[in-house]
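A.B. asks: Next input, structure requested:
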Amino acid sequence: MQKEILIAGFGGQGVLFAGQILAYTAMDLKMEVTWIPSYGPEMRGGTANCTVVIADEEIGSPLVEVPPLAILLNLPSYDKYEPMILPGGVAVINASLVDRGPVRTDIQQIFIPASKIAEEIGDKKLMNMVTVGALLTKLPELKIGDVKNSLKAHLPERHHKLLPSNYLALERGYVAAMEYA
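C.D. replies: Numbers count the residues shown, from 1 in each chain. Below you'll find the predicted structure:
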């Protein structure tokens with residue numbers, strides 16, 4: 001088994017952290033993992049993306065050119081990466097920031113209002129965890145409980161007060177994706 005994931009959006013949307021938590025979760029489950037961040041010099045407000053590869057055996061290459069799984073957090077990322085997704089792949093799209101429908105019909109696209117859900121929870125910065133929760137519906141190797149455990153294990157103690165809202169964001173994203181399907 002090998003799963004390749006692309007996460008893309010603006011800097012400041014938690015793109016890199018979303019990838020990190022998926023990588024940490026897979027590592028905690030004793031899987032092989034790569035995580036490669038990429039961001040423009042602008043950081044907050046500029047473009048950011050990362051790739052995560054998880055596998056049950058040694059990973060031959062950490063490069064992901066045609067991802068079968070993607071989280072696309074804004075319209076520029078959707079415009080850029082929708083054409084690159086592997087036919088038969090899955091994309092989770094933040095419908096709060098993407099104002100067009102799909103161009104492709106050969107991939108499954110899950111549109112959820114991630115920013116809106118995060119705001120309902122009380123913190124717009126949770127949008128990344130909403131989309132991670134949604135992706136977990138198509139990534140059976142990682143369970144919500146596993147991601148929660150990794151958040152607790154890898155977040156610095158001073159941020160543990162944020163755990164309940166992150167857990168809720170994961171759960172709400174998962175439910176939203178299940179309802180969408």
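
A.B. asks: what number of residues lie near Lys138?
C.D. replies: Here the number of neighbours of Lys138 (other CB atoms under 10 Å) works out to 18. The way it works is simple: take the backbone N, C-alpha and C, and place the C-beta from them, glycine included.

A.B. asks: so it sits right up against Val90, yeah?
C.D. replies: Yes - Lys138 lies in contact with Val90 (CB atoms under 8 Å); the separation is 4.6 Å.

A.B. asks: Need the overlap of contacts for these two.
C.D. replies: Contact criterion CB atoms under 8 Å, 6 or more residues apart in numbering; residues bridging Lys138 and Val90 by contacting each: Leu69, Gln108, Ile110.

A.B. asks: So the second one versus Gly145, what's the distance?
C.D. replies: Taking CB to CB, to the nearest Å as the criterion, Gln108 is separated from Gly145 by 24 Å.

A.B. asks: before we move on, what about the last one?
C.D. replies: Between Ile110 and Gly145 the computed distance is 21 Å (CB to CB).

A.B. asks: neighbour-wise, which of the two wins?
C.D. replies: Ile110 (21 against 11).

A.B. asks: The helix or strand encompassing Pro164 - what's its average pLDDT?
C.D. replies: Under the criterion of DSSP states H and E, Pro164 resides in helix 163-180. Mean pLDDT, helix 163-180: 94.

A.B. asks: Return the set of buried residues in that helix.
C.D. replies: Ser165, Asn166, Tyr167, Leu168, Ala169, Leu170, Glu171, Arg172, Gly173, Tyr174, Ala176, Ala177 (16 or more other CB atoms under 10 Å).

A.B. asks: What of stretch 66-82?
C.D. replies: Buried-residue list, stretch 66-82, by 16+ other CB under 10 Å: Pro67, Pro68, Leu69, Ala70, Ile71, Leu72, Leu73, Asn74, Ser77, Tyr78, Tyr81, Glu82.
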